[in-house]
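1. Task: produce atomic coordinates for the following.
(2 chains)
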There are 2 protein chains.
Amino acid sequence: MTGDPNFMSSLARGIAVIRAFSDQQRTLTISQISHKTGIPRAAVRRCLYSLKQLGYADSEAHNFRLTPKVLTLGYSYLSSTPLAVSAQPCLNNISRILHESCSLAVMDSNEVLYVSRSAQSRIMSVALNVGSRLPAYCTSLGRVILAHMSEEALAQYFNTVTLRAYTDKTVVSQAKLMEIFATIRQNGYVIIEEELEIGLRSMAVPVRGASGKVTAALNVSAQATRISSKRMREDFLAILQGGAQELSAMLP
Amino acid sequence: MTGDPNFMSSLARGIAVIRAFSDQQRTLTISQISHKTGIPRAAVRRCLYSLKQLGYADSEAHNFRLTPKVLTLGYSYLSSTPLAVSAQPCLNNISRILHESCSLAVMDSNEVLYVSRSAQSRIMSVALNVGSRLPAYCTSLGRVILAHMSEEALAQYFNTVTLRAYTDKTVVSQAKLMEIFATIRQNGYVIIEEELEIGLRSMAVPVRGASGKVTAALNVSAQATRISSKRMREDFLAILQGGAQELSAMLP
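-> Purely as a prediction, here's the structure:
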């Protein structure tokens, strides 16, 4: 996008600096951010200076941190999107009935992006929140969405993604994944066992917009030792599908 | 900040365009955003063009909307802040015990900003979420934080805030608010009844950092007709104070 006179590279850099803080300790120095983003130190310094003037960053000595005001950016999306606004009560309800964490996600650049989440307190090591990202091919949310993509979109996905094994159960063969996708389209749901993290089992169902196109996925995750896949199919599936129907009605 | 060579006005404008979508219908046109932000149409167009290139906005005909990717910005704060990461299980727990919504907030430019929230599904008309803002002087969260501010910070607050009555019960007299703050410091909590919205009662307690300074507030809100203030004091206060203690331990 260099050379495009309409593209504001300083806006791109400012956003990249904000994102450098993801999953980090609280504070970062200018050189740490420069190293992480590939943006020259002088430009990082100007970004942080501007973000600080605007109230989105703060510093102590040479250590910078984001301020809670950054949350108002995510809120701009949440409060302007009917699905995000209305999903929370629906997810809370499912989570309360099943006593497990429930999440709604969409695809964003080869990853699943959590749009809404109702977490139960027995959490696994995966600390997930609204805005979290996970690989699509080895998560139940991602696999349900991938299974319903067009052939072209799926080809594009496999051309650009790196399939890596998170556990010794992670499926990393494209051919095997294509078979799994066919089964998902047939069954209308997926259960994934310990492919992202040992001890984690999760079930997802597609969420369709008014056009019938799958635009999101809804899942429930639980400790594999506590909830069997049989139990998921018998007790969780119908409730999850009911939730997906309810959410569908909110989609354009 | 005009004329400051280190200040990136294009970053400021890009962020203002993102924030223009808050509490709006899903889509906005260039002229609507220009009208709302005071940024010239040509500059708004460039911001939207750049945000679209970066994947944070999308358009259909002349209507622009934010994409879920905007959530990753808020996530940058959430995932880099120990308090925000750890607060959710604590709030979920309180919310589950009391069967009411529970929120954690900090001050940001004269308003309270929701950092974490665990909502029960019987919600009032106030649709609140992480990143939401509310006036400080007429909310329980805000009043607890204001009550513990330094004299200088409080003078600055009253110099810049406009006290307006949201209901006929809203206290808008500075002198009366100062009296209320003194009582809050004495009692260690506050109950607010229908000052923000008719039918809403809420109780808040301060959350202190390691230095003893009040840096956040924790509250529970309920329908005024269902939960009396006596019931709040007898059944809610101890649980809320326990939660505040737990959260304090996470603060620097």
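2. And the strands in the stretch 151-252 of chain A, which stretches?
-> Taking DSSP state E, counting those that start in this stretch as the criterion, the stretch 151-252 of chain A contains strands spanning A:190-193, A:200-208, A:214-223.
3. which residue ranges form the helices in the stretch 151-252 of chain A?
-> In chain order, the stretch 151-252 of chain A shows helices spanning A:151-160, A:174-187, A:229-231, A:237-248, with DSSP state H, counting those that start in this stretch as the criterion.
4. Quick one: list the elements packing against the longest one.
-> With contacts defined as 3 or more C-beta pairs under 8 Å, 6 or more residues apart in numbering or on different chains; DSSP states H and E, helix A:174-187 has these neighbours: helix A:140-147, strand A:190-193. Any C-beta I mention is one placed from the backbone N, CA and C, and that applies to glycine too.
5. average model confidence for whatever helix or strand A:Lys52 lives in?
-> Mapping A:Lys52 onto the secondary structure by DSSP states H and E places it in helix A:41-53. Per-residue pLDDT values across helix A:41-53 average out to 96.
6. Stretch A:174-189 too?
-> Mean pLDDT, taken over the full extent of stretch A:174-189, equals 96.
7. What parts of the stretch 101-250 of chain A come near chain B?
-> With C-beta under 8 Å from any C-beta of the partner chain as the criterion, the stretch 101-250 of chain A comes near chain B at residues A:106, A:108-109, A:113-115, A:119-121, A:123, A:127, A:129-133.
8. before we move on, the earlier item: how far off centre is the helix or strand following the helix holding A:Lys52?
-> Sequence order places strand A:57-60 as the next helix or strand after helix A:41-53, per DSSP H and E. Centre-to-centre, strand A:57-60 and its host chain are 28 Å apart (C-alpha atoms, centre = their mean, to the nearest Å).
9. now check strand A:57-60, is it near chain B?
-> No - Strand A:57-60 does not reach chain B (C-beta under 8 Å from any C-beta); its nearest approach is 9.9 Å.
10. send the alpha carbons of the worst-scoring helix or strand of chain A on mean pLDDT over as CSV?
-> The weakest-scoring helix or strand in chain A, judged by mean pLDDT, DSSP states H and E, is helix A:82-98 (a mean of 83). Once side chains and other backbone atoms are set aside, the C-alpha atoms of helix A:82-98 remain, and they are given as CSV (Å, rounded to 0.1, in the frame of the first residue of the first chain):
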residue,chain,number,x,y,z
PRO,A,82,-26.9,-5.5,16.2
LEU,A,83,-25.5,-9.0,16.5
ALA,A,84,-22.8,-8.0,19.0
VAL,A,85,-25.3,-6.0,21.1
SER,A,86,-27.9,-8.8,21.2
ALA,A,87,-25.7,-11.8,21.5
GLN,A,88,-24.6,-11.4,25.1
PRO,A,89,-27.9,-12.3,26.8
CYS,A,90,-28.3,-15.3,24.5
LEU,A,91,-24.7,-16.5,25.3
ASN,A,92,-25.2,-15.9,29.0
ASN,A,93,-28.3,-18.0,28.9
ILE,A,94,-26.6,-21.0,27.2
SER,A,95,-23.6,-20.7,29.5
ARG,A,96,-25.9,-20.7,32.6
ILE,A,97,-27.9,-23.7,31.4
LEU,A,98,-24.8,-25.8,30.5
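11. Packing partners of that helix?
-> Other elements packing on helix A:82-98 under the criterion 3+ C-beta pairs under 8 Å, 6+ apart are helix A:71-78, strand A:101-108, strand A:111-118, strand A:214-223, helix A:237-248.
12. Out of the helices and strands packed on helix A:174-187, which is the most enclosed?
-> Comparing these by mean neighbour count (mean count of other C-beta atoms under 10 Å in any protein chain shown), helix A:140-147 comes out on top with a mean of 27.
13. angle of that one against helix A:151-160?
-> Angle of helix A:140-147 versus helix A:151-160, following axes from the mean of the first three to the mean of the last three C-alpha atoms, to 10 degrees, is 130 degrees.
14. So is the strand or helix carrying A:Arg65 next to chain B?
-> In this structure, A:Arg65 sits in strand A:63-66 according to DSSP H and E. Yes - contact of strand A:63-66 with chain B is found when judged by C-beta under 8 Å from any C-beta, involving A:65-66.
15. Quick one: list the elements packing against that strand.
-> When contacts are defined as 3+ C-beta pairs under 8 Å, 6+ apart, strand A:63-66 sits against strand A:57-60.
16. Buried by neighbour count: which residues of the strand it packs on qualify?
-> With burial defined by 16 or more other C-beta atoms under 10 Å in any protein chain shown, the residues of strand A:57-60 counted as buried are A:Ala57.
17. hmm, who's touching it?
-> A:27, A:48, A:51-52, A:64-67 (C-beta atoms under 8 Å, 6 or more residues apart in numbering or on different chains).
18. Tell me the strands beside that strand, with direction?
-> Paired with strand A:57-60 in the same sheet, following DSSP bridges, are strand A:63-66 (antiparallel).
19. got the buried residues for the partner strand?
-> With burial defined by 16+ other C-beta under 10 Å, the residues of strand A:63-66 counted as buried are A:64-66.
20. So what's the residue count around A:Asp108?
-> Number of residues near A:Asp108 (other C-beta atoms under 10 Å in any protein chain shown) recorded here: 17.
21. oh sorry, the question was meant for A:Ala42
-> Other residues near A:Ala42 number 10, with proximity taken as other C-beta under 10 Å.
22. The one 10 residues further on too?
-> When counting by other C-beta under 10 Å, one arrives at 14 neighbours for A:Lys52.
23. Next: A:Ser10.
-> When neighbours are defined as other C-beta under 10 Å, A:Ser10 has 20 of them.
24. And the pLDDT for the nearest residue to A:Asn110 once chain neighbours are set aside?
-> Computed as C-beta to C-beta, 6 or more residues apart in numbering or on different chains, the closest residue to A:Asn110 that is not its neighbour in sequence is A:Val161, at 5.0 Å. According to the prediction, A:Val161 has pLDDT 96.
25. was I right about A:Val161 contacting A:Cys138?
-> No - with contact defined as C-beta atoms under 8 Å, A:Val161 does not reach A:Cys138; the gap is 10.6 Å.
26. More neighbours: those two, which one.
-> More neighbours sit around A:Cys138 than around the other of A:Val161 and A:Cys138, counting by other C-beta under 10 Å; the figures are 23 against 16.
27. What residues does that one make contact with?
-> Counting by C-beta under 8 Å, 6+ apart, A:Cys138 has contacts A:166, A:170-171, A:192, A:195-196.
28. let's see 7 Å
-> A:166, A:170, A:195-196 (C-beta atoms under 7 Å, 6 or more residues apart in numbering or on different chains).
29. In a markdown table, list these along with neighbour count and pLDDT.
-> Shown next, in a markdown table, are the contacts of A:Cys138 (neighbours: other C-beta atoms under 10 Å in any protein chain shown; pLDDT from 0 to 100):
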| residue | neighbour count | pLDDT |
| --- | --- | --- |
| A:Tyr166 | 16 | 94 |
| A:Thr170 | 17 | 96 |
| A:Glu195 | 23 | 94 |
| A:Leu196 | 22 | 92 |
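30. Show the model's pLDDT score for the most far-flung residue of chain A relative to its centre.
-> In terms of distance from the mean C-alpha position of chain A, A:Ala61 ranks first, at 33.7 Å (C-alpha atoms, centre = their mean). At A:Ala61 the predicted local distance difference test score is 90.
31. ok, now how distant is it from chain B?
-> 14 Å (C-beta to the nearest C-beta, to the nearest Å).
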